[in-house]
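In: model this:
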Amino acid sequence: MTTAIELADLGRAYGERVALAGVSLTLPAGSTLVVFGPNGAGKSTLLRILATLLRPTTGTVRVLGGELPREAWKVRGRVGLLGHEPMLYRELSARENLRYHARLHGVAAERVDELLDAVGLGARAGDPISTYSRGMVQRAAAARAVLHDPELLLLDEPRANLDPAAAEALEPLLTGTTERPRTRVVTSHDPAGGLAEADVALGLRDGRPVLLGPAADVTVEQIGALYR
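Out: Purely as a prediction, here's the structure:
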C-alpha cells in the first residue's frame, strides 16, 4: 500500500515556545487521520506543516513522496487545505475567487460552477464573499480546497459553522468516493464523530502526542480525557 504521509520525530517551535514535538506516524494513501486535542494543542500547526506553509523545526516529513521542505514544490499542487482562514478575497464573488484558483491549478472553468452548485451556492455565486454568512464562506472555502481534486486533503474542523444540511452536502466532496477515497487529515473536537470517520486517531496535548493508533482501538473516553 502506498504511503501518503511519513512523520519522524516532527517538531515545530516559535522561538522558545514549542508548538509540536515528537510526532511520528505513517498514514497510507486513501486513509483518514483524525487529530484531536484542545485549542493550542498543535493541530493547526501540524496541518500547516503538511500543507508546506510552515517549515518543521526538527524531524523529517514526507508527504506524497516529497521530503518537506526541500521538495515542497512537488507537493503543493497535490494538496488541498481547508483551514480557519478561508483563503478567499472578500471583495470578489465566489465565482471570481474559484476561477482565480482554477487558473492557478490549470483547472477547467466549467468545474467552478459545478462545485458552486454542489455546495449550494449557485444562486449566490456572483455575490461578493463579504456578503456571505459564515456558513456560506465555509462552503465556498471547501469548494476552493477541492477544486483541483487534490490527492491529500487537510481539513481544520471542516464542519464548523455549517448546519446539518450544508454539512451533508459537503460530505461527498470532502470524503471522495468508494472507488477513490481521499487521503485526509482532519482536526476535530467531536470524539464520537471524529472516531467514526477515522482510520487512524492522533491525540495531541501541549504539542505532544499522547494517543496514537487505529481508530478502532481508541475509545470516546480516551479522546475526552485529552480535554480535561
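In: buried sites along the lowest-mean-pLDDT helix or strand in the chain?
Out: Taking mean pLDDT, DSSP states H and E as the measure, the chain has helix 164-175 as its least confident helix or strand, at a mean of 88. By 16 or more other CB atoms under 10 Å, the buried positions in helix 164-175 come out as 166-167, 169-170, 173-174. Glycine gets a C-beta too; all of them are placed from N, C-alpha and C.
In: which residues sit against it?
Out: 82, 115, 118-120, 135, 138-139, 142-143, 146, 153, 155, 158-159, 162, 181-182, 184, 197 (CB atoms under 8 Å, 6 or more residues apart in numbering).
In: try it again with 6 Å
Out: 120, 135, 142, 146, 158-159 (CB atoms under 6 Å, 6 or more residues apart in numbering).
In: which one of those residues is nearest residue 52?
Out: Distance to residue 52, by CB to CB, is smallest for residue 146 among the contacts of helix 164-175, at 17.7 Å.
In: So the closest residue to that closest one other than its chain neighbours versus residue 99, what's the distance?
Out: Nearest residue to residue 146, sequence neighbours excluded (CB to CB, 6 or more residues apart in numbering): residue 173, at 4.9 Å. Distance, residue 173 to residue 99, using CB to CB, to the nearest Å: 18 Å.
In: same thing with residue 150?
Out: For residue 150, the distance to residue 99 - CB to CB - is 18 Å.
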